[in-house]
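Here's my sequence, what's the structure:
(one chain, ligands or ions: 1)
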Amino acid sequence: MTTDRPTSDWNATSYDRVADPQTRWGAEVLERLPLAGDEVVLDAGCGTGRVTELLLDRLPQGRVVALDASAAMLAEARGRLARFGDQVEFVQADLGQPLPLAPPVDAILSTATFHWVPDHDALFANLAPVLRPGGWLVAQCGGFGNIARFIEVAASVDPNFRRNRHNFQTPEATTARLEANGFTDIETWLSPAPTPFERGAELEAFLATVCLRVHLSGLEPDEREPFVHAVAERMSEPVLDYVRLNIVARRAGDLPRP
Ligand SMILES: C[S@@+](CC[C@H](N)C(=O)[O-])C[C@H]1O[C@@H](n2cnc3c(N)ncnc32)[C@H](O)[C@@H]1O
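Below is the predicted model:
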């Protein structure tokens, strides 16, 4: 039976274990962020901090604001990032709401997060004022067409599976939203990232923790594992048809860093 329960929190321990694809993508995205090493950078949707850790390695004299809506994710990130001491500030906040950050940060990095935020007009309206003029926003999230084949497989196993659970946007709509919210020098593009898994435990743990997480929260506990297994079995090959939306932009205005 499927109910309309609100989204459950993440299983942060499991996410930390299975998030190799997200960490790999995050490392590539991080390379696009120009850094001198002494900036303050917001990691918007830091999760368990695996990408945040790579970011901190590039900021020997800088700091990171590690922001996430999930208490479980932030708890895991605190453990992983403890060695960085007061170089990291943890903030629990919703990117869909005005952000409790002051003063503005020098840059924003965000990986594998924006597609979980239902309203991207609000998202960019909330990010702009916490970024200093001239500062970079470098991000990647699920984009238009992301896991479309996989979603059809899941829906073929359970007709109650909601296809439009995520906010997978096009580059064109994203560019328009960024412009409307005071960003400039905007580049947005899609990149296919088909991701293979080992059939069995590896694939099923990933599906349960990431792709099927919200749907599972609406199932009875004893229905969850059989559903994940049935979906995994129905996939013609153990490959998730990921498509990433990449974003590089600067906040308008060219104020020098103080
Ligand atoms: C797939 S994880 C990505 C974590 C990390 N950036 C990475 O690449 O591994 C998505 C994260 O976005 C966070 N998130 C989802 N919606 C959010 C929102 N509205 N505001 C803040 N964080 C949100 C989740 O709690 C989760 O930690």
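
Can you get me the start-to-end distance on stretch 212-231?
For stretch 212-231, the first-to-last residue distance is 9 Å (Cα to Cα, to the nearest Å).

brain fart, stretch 76-92
Stretch 76-92 has an end-to-end distance of 13 Å (Cα to Cα).

contacts for that stretch?
Residues outside stretch 76-92 that contact it (Cβ atoms under 8 Å, 6 or more residues apart in numbering) are 12-13, 15-16, 46-50, 52-53, 56, 59, 62-71, 74, 99-101. To be clear about C-beta, it is placed using only N, CA and C from the backbone, and glycine gets the same treatment.

which stretches of this protein have low pLDDT?
For the chain, the stretches with pLDDT under 70 are 1-8, 254-258.

quick one: the helices in it?
Assigned helices in the chain, in chain order: 12-18, 20-30, 50-57, 71-80, 120-127, 148-157, 171-180, 201-206, 213-217, 221-234 (criterion: DSSP state H).

Which part of the stretch 151-258 of the chain gets nearest to the ligand, residue-wise?
residue 210 (6.4 Å; Cβ to the nearest ligand atom).

The chain too?
residue 47 (2.4 Å).

Measure how buried the spatially closest residue to that residue that is not a sequence neighbour is and give me the count.
Distances taken as Cβ to Cβ, 6 or more residues apart in numbering place residue 73 nearest to residue 47, at 5.1 Å, with adjacent residues excluded. Residue 73 has 23 neighbours, counted by other Cβ atoms under 10 Å.

What residues does residue 73 make contact with?
Going by Cβ under 8 Å, 6+ apart, residue 73 touches 10, 12, 15, 46-48.

With residue 161 instead?
By Cβ under 8 Å, 6+ apart, the residues touching residue 161 are 151, 154-155, 215.

mind running it again at 10 Å?
Residue 161 sits next to 2, 151-155, 212, 215, 218, 227, 231 when contact means Cβ atoms under 10 Å, 6 or more residues apart in numbering.

Those into a markdown table, with extra columns for neighbour count and distance to the ligand?
Listed next are those as a markdown table, based on neighbours: other Cβ atoms under 10 Å; distance: Cβ to the nearest ligand atom, whole Å:
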| residue | neighbour count | distance to the ligand |
| --- | --- | --- |
| 2 | 15 | 22 |
| 151 | 19 | 16 |
| 152 | 12 | 21 |
| 153 | 18 | 20 |
| 154 | 23 | 17 |
| 155 | 15 | 21 |
| 212 | 22 | 13 |
| 215 | 21 | 15 |
| 218 | 20 | 17 |
| 227 | 20 | 20 |
| 231 | 24 | 19 |
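
would TSV of the helices of the chain with distance to residue 188 be doable?
Output for the helices of the chain, formatted as TSV (distance: least, Cβ to Cβ, whole Å):
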stretch	distance to residue 188
helix 12-18	26
helix 20-30	13
helix 50-57	20
helix 71-80	26
helix 120-127	12
helix 148-157	19
helix 171-180	4
helix 201-206	27
helix 213-217	26
helix 221-234	31
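
quick one: which of the ones you listed is nearest residue 112?
Minimum separation from residue 112 across these (Cβ to Cβ) falls at helix 20-30, 4.5 Å.

doesn't residue 230 make contact with residue 157?
Yes: using Cβ atoms under 10 Å, residue 157 is in contact with residue 230, at 4.9 Å.

what is residue 68 paired to in the beta sheet?
Counting by DSSP bridges, residue 68 forms beta bridges with residue 92.

count of residues packed around it?
Residue 68 has 28 neighbours, counted by other Cβ under 10 Å.

show me what contacts it?
Residue 68 neighbours (Cβ under 10 Å, 6+ apart): 10, 12, 43-49, 52, 74-77, 90-95, 113.

Drop anything exposed from those.
Neighbour counting with 16 or more other Cβ atoms under 10 Å marks 10, 12, 43-49, 52, 74, 76-77, 90-91, 93, 95, 113 as buried within the contacts of residue 68.
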